[in-house]
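# Build me a structure from this.
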Amino acid sequence: MKMSVAEFNQFKEAAEKTFQAELICSLLEDHPHQLADSELSSIASLIKRLAGMLTFI
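Okay, the predicted model is just below:
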């Protein structure tokens, strides 16, 4: 079964957002004590937004 162009674009967007979330989580894992509380809060919000976007793709 072939993907349409729209389906392929959705798949590509989901892959990019997943990569971004994984990269952010890796940074948190590698440098957990080098971030201020406000930075952690912002990062958590970003991950939440990225993950939320993936549920609609």
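# Can you tell me the closest non-neighbouring residue to the residue most central in space within the chain?
Nearest to the mean C-alpha position of the chain, counting by Cα atoms, centre = their mean, stands A21 at 2.6 Å. Excluding its sequence neighbours, the residue lying closest to A21 (Cβ to Cβ, 6 or more residues apart in numbering) is L50, at 4.5 Å. Where you see a C-beta, it was placed from the backbone N, CA and C, and this is true even at glycine.
# Give the helix, strand or coil label for the residue nearest to the centre of the chain.
Put simply, A21 is helix when judged by DSSP: H, G, I helix; E, B strand; the rest coil.
# how close does it sit to P32?
17 Å (Cβ to Cβ, to the nearest Å).
# next one: F11
Taking Cβ to Cβ as the measure, F11 falls 32 Å from P32.
# Compare the two and say which one has the larger neighbour count.
Set F11 next to P32 and count neighbours by other Cβ atoms under 10 Å: F11 wins out with 12 against 9.
# roughly how far out does the helix or strand encompassing that one sit from the chain middle?
Assigned by DSSP states H and E, F11 belongs to helix 5-30. Taking Cα atoms, centre = their mean, to the nearest Å, one finds the center of helix 5-30 at 5 Å from the center of the full chain.
# Helix or strand for M3, just tell me which one.
Going by DSSP H and E, M3 is not in any helix or strand.
# re the thing from before, by contact count, what packs against the helix or strand harbouring the residue nearest to A21?
Assessed by DSSP H and E, L50 sits inside helix 37-56. Secondary-structure packing of helix 37-56 (3 or more Cβ pairs under 8 Å, 6 or more residues apart in numbering; DSSP states H and E): helix 5-30.
# So which bits of the helix it packs on are buried?
For helix 5-30, a neighbour-count test (16 or more other Cβ atoms under 10 Å) marks K17, A21, L28 as buried.
# Just the angle for that helix relative to helix 37-56, thanks.
Relative orientation of helix 5-30 versus helix 37-56 (axes from the mean of the first three to the mean of the last three Cα atoms, to 10 degrees): 150 degrees.
# For I57, give me the pLDDT.
On the pLDDT scale, I57 is placed at 57.
# do the same with K48
K48 is assigned a predicted lDDT (pLDDT) of 86.
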